[in-house]
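[1] what shape does this take:
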Amino acid sequence: MKKLSTYLLVLLLGLLVFTMKVDANGLPDADRDGVPDKDEIEIYFTDPNNPDTDGDGYSDFAEINAGYSPTNPEPIKLIDSDLDQDGLSDAWEIKFRTDSRNPDTDGDGYKDGEEVDRGFNPAEGGDVRLNISLRVNLQGQTLDYLLNGYVWKSFSISSGKASMPTPKGEFTIANKIEKAWSRAYGLWMPYWMGISGTRAGFHELPIWPNGYREGEDHLGKAVSHGCVRLGVGAAEYVYERIQVGDRVVIR
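    Numbers count the residues shown, from 1 in each chain. Alright, predicted model coming up:
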């Protein structure tokens, strides 16, 4: 159940709505709920003629501003609600402009959640990619995998040690090699993704010729020779989705 304080906040927001004019932010608002008709139709997929789309007693405006789903009658946060059971929460549906009531917004046979996780736009048919980029936080030893600027996944990394630091700046993915060989160190670097203008790259924890996996306890520590190491599974995930030319930011 919602906490009392949350209910009071929603109630106050709801009361404010009833004092509003028939527009919201200068835009038409047929149901006078404080949410412009255009946003109801194109972003939230709520009923522009019904101030309480899900019929739970709270206006669409009040629920949206309190972080709750305006299309789900259950008292559930947008980030936790998946009304159409497509694997994409209602909060993410808003970000990607998909229909929270339709598991396959673009009608291409793939659920919205499946498409987003593979890096494709769930609101457009065909193989239209989302804007994929990588962001490395050297201090926090994390890699963010971003879709249209939003953090979709975060992974623990091991970047370069003090004497061999990972380069900072803005780059692109220069090349991809599923199983790269390091002549300098004599080991394999699975799922190699080169960083433009440098000798460094992203790759899975390296493997010695005898099969020993290097650095399994190094994730979260800056101990590599300049590359950005990712754990088993994480490197493959990124490798399968990133493309040559995609943006990389290292800070």
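
[2] can I take it that residue 115 is in a strand?
    No: with DSSP: H, G, I helix; E, B strand; the rest coil as the criterion, residue 115 is assigned helix and is not in a strand.

[3] tell me how many other residues crowd the nearest residue to it once chain neighbours are set aside.
    Nearest non-adjacent residue to residue 115, counting by CB to CB, 6 or more residues apart in numbering: residue 122, 4.1 Å away. (C-beta placed from N, C-alpha, C; glycine too.) Around residue 122 there are 29 other residues, counting by other CB atoms under 10 Å.

[4] repeat that for residue 59.
    26.

[5] likewise the one 5 residues further on?
    Summarising burial for residue 64: neighbours were counted as other CB under 10 Å, giving 23.

[6] helices or strands next to the helix or strand containing it in the packing?
    For residue 64, the enclosing helix or strand under DSSP states H and E is helix 60-65. Applying 3 or more CB pairs under 8 Å, 6 or more residues apart in numbering; DSSP states H and E, one finds that helix 60-65 contacts helix 4-18.

[7] residues contacting the most centrally placed residue in the chain?
    Residue closest to the average C-alpha location in the chain (CA atoms, centre = their mean): residue 152, at 2.3 Å. By CB atoms under 8 Å, 6 or more residues apart in numbering, the residues touching residue 152 are 116-117, 145-146.

[8] let me know the closest of these to residue 199.
    residue 145 (23.0 Å; CB to CB).

[9] helix or strand: which one has that closest one?
    Counting by DSSP H and E, residue 145 is found in strand 142-147.

[10] quick one: the next helix-or-strand element following that strand to strand 142-147, angle?
    Note on strand 142-147: by DSSP H and E, the next helix or strand toward the C-terminus is strand 150-158. For strand 150-158 against strand 142-147, the angle by axes from the mean of the first three to the mean of the last three CA atoms, to 10 degrees is 150 degrees.

[11] can you list the domains in the chain?
    4-117, 132-250 (automatic domain parsing).

[12] so what's the model's average confidence on the last one?
    The one in question is domain 132-250. Average pLDDT, domain 132-250: 98.
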